[in-house]
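K.L.:
What follows is a predicted protein model with its sequence.
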Amino acid sequence: QLQLVESGGGLVQPGGSLNLSCSVSGSTFEYYSAAWFRQAIGKEREGVSCISSKSTHTKYADFTKGRFTISRDNTKNTVYLQMNNLKPEDTAVYYCAAGAYGLGSEMYSSWGQGTQVTVLS
């Protein structure tokens, strides 16, 4: 069973940047795809981006529009989400997950507790 802990959230101005990190415990992480999801108040959880186990494939939700970049370092058991040009509508709790490749939450069996991202309006 993997355990995931997100960090790096915070409060930023529109146009600002944040780099989220997800530290994963468990020796099998390198065999799993990883993803970032987000959930805003009153909305359903949605997929943001995912990355395959060896970083050969990535996928992004349309709303990221080139602003976000997912990466991972299997030597550090860490997944990253670099977010640039943040907008107020990006405000949400961001979750890291490990599982099969894709942007559907049903693909993932291990989840972190989330980190809050707030973009001032």
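P.N.:
Right, received. Where do you want to start?
K.L.:
separation between Lys87 and Gly114?
P.N.:
Noted for Lys87: a distance of 19 Å to Gly114, by CB to CB, to the nearest Å. Every residue, glycine included, has its C-beta placed from N, CA and C.
K.L.:
Compare those two and say which one has the larger neighbour count.
P.N.:
Neighbour count, other CB atoms under 10 Å: between Lys87 and Gly114, Gly114 has more, with 18 against 15.
K.L.:
Assess the claim that the more buried one and Val93 are in contact.
P.N.:
Yes. Between Gly114 and Val93 there is a contact at 4.2 Å, judged by CB atoms under 8 Å.
K.L.:
shared neighbours of these two, anything?
P.N.:
Shared contacts of Gly114 and Val93 (CB atoms under 8 Å, 6 or more residues apart in numbering): Gln39.
K.L.:
can you give me the strands for the chain?
P.N.:
3-7, 10-12, 18-25, 33-39, 46-51, 58-60, 68-73, 78-83, 92-99, 108-111, 115-119 (DSSP state E).
K.L.:
ok, residues contacting the fifth one?
P.N.:
If you take CB under 8 Å, 6+ apart as the criterion, strand 46-51 is touched by 33-39, 57-61, 64, 68, 70-72, 79, 81, 94, 101-105.
K.L.:
Please check those and keep the buried ones.
P.N.:
33-38, 58-61, 64, 68, 70, 72, 79, 81, 94, 101, 103, 105 (16 or more other CB atoms under 10 Å).
K.L.:
is the spatially most central residue of the chain in a bridge, and if so with what?
P.N.:
With distances taken as CA atoms, centre = their mean, Trp36 lies nearest the centre of the chain, 2.4 Å away. Note on Trp36: beta-bridge partners Ser49, Cys96, judged by DSSP bridges.
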